Structure formats: structure tokens, C-alpha cells
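>>> sequence and predicted structure, then a few things I'm wondering about:
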Amino acid sequence: MDHAWRPLAKQPLPAGQPRTWYVSHNRRLKAMRLAIALLDSGAFAPDQATNEKIRETAEVVGVHRPSDATCRMVRRLMAAQR
């Protein structure tokens, strides 16, 4: 890893898992990306991260519009950081 700013090469997900595993895995990844982006933008508390703010951040980051469940997960991740 020469440069920290350069993203790592993606690796395929393990085969043979049930579909729900892939859905929850991808939801967790999206929630982590959004939580990091919100923390970088100055929203440090879960009550500062409304669904609208999370969805606006998703547009800026370039990920699909998150569902209500993903927004709840983002707030839980932000609360866990405290």
C-alpha cells in the first residue's frame, strides 16, 4: 500500500452465501461509507444525521439513495464511534 489515498483493489465476494448475506454485507459497506463521509463533513452526533442529510451525502459521495434501514444503520454506526 504505497498511497493511503489510493483505493484498494476490489476482490470478489465469497461464493455460496445466501442472498440475504450479500444484501446485508453491501448495506453495511454503504452505511460505513456514508458514516465516514458524514463524520468528515462535521456531523459528529447521530441526531445531526437526519435521513435527508444522509441522502444528500449519498449523492455527494456517489452511492445510490439509501433506504430508511440504511439510514438507521448509519446513525447506529455514528453512535458506536462515540
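Great, that's in hand.

>>> what's the distance between Ala15 and Arg28?
Distance check for Ala15 against Arg28: by Cβ to Cβ, to the nearest Å, it reads 19 Å. Bear in mind the C-beta positions are built from the backbone N, C-alpha and C, glycine included.

>>> and these two? Which one has more around it.
Taking other Cβ atoms under 10 Å, Ala15 and Arg28 do not tie; Arg28 has more neighbours (13 against 5).

>>> leaving out chain neighbours, which residue sits closest to the more buried one?
The spatially closest residue to Arg28, leaving aside those adjacent along the chain, is Met73, at 7.1 Å (Cβ to Cβ, 6 or more residues apart in numbering).

>>> which parts of stretch 45-59 are buried?
Residues Pro46, Ala49, Lys53, Ile54, Thr57, Ala58 are the ones in stretch 45-59 that count as buried (16 or more other Cβ atoms under 10 Å).

>>> JSON lines please, covering those residues and showing pLDDT and distance to Asp68.
Converted to JSON lines, the buried residues of stretch 45-59 look like this (pLDDT from 0 to 100; distance: Cβ to Cβ, whole Å):
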{"residue": "Pro46", "pLDDT": "88", "distance to Asp68": "15"}
{"residue": "Ala49", "pLDDT": "90", "distance to Asp68": "13"}
{"residue": "Lys53", "pLDDT": "94", "distance to Asp68": "14"}
{"residue": "Ile54", "pLDDT": "94", "distance to Asp68": "10"}
{"residue": "Thr57", "pLDDT": "92", "distance to Asp68": "15"}
{"residue": "Ala58", "pLDDT": "92", "distance to Asp68": "13"}
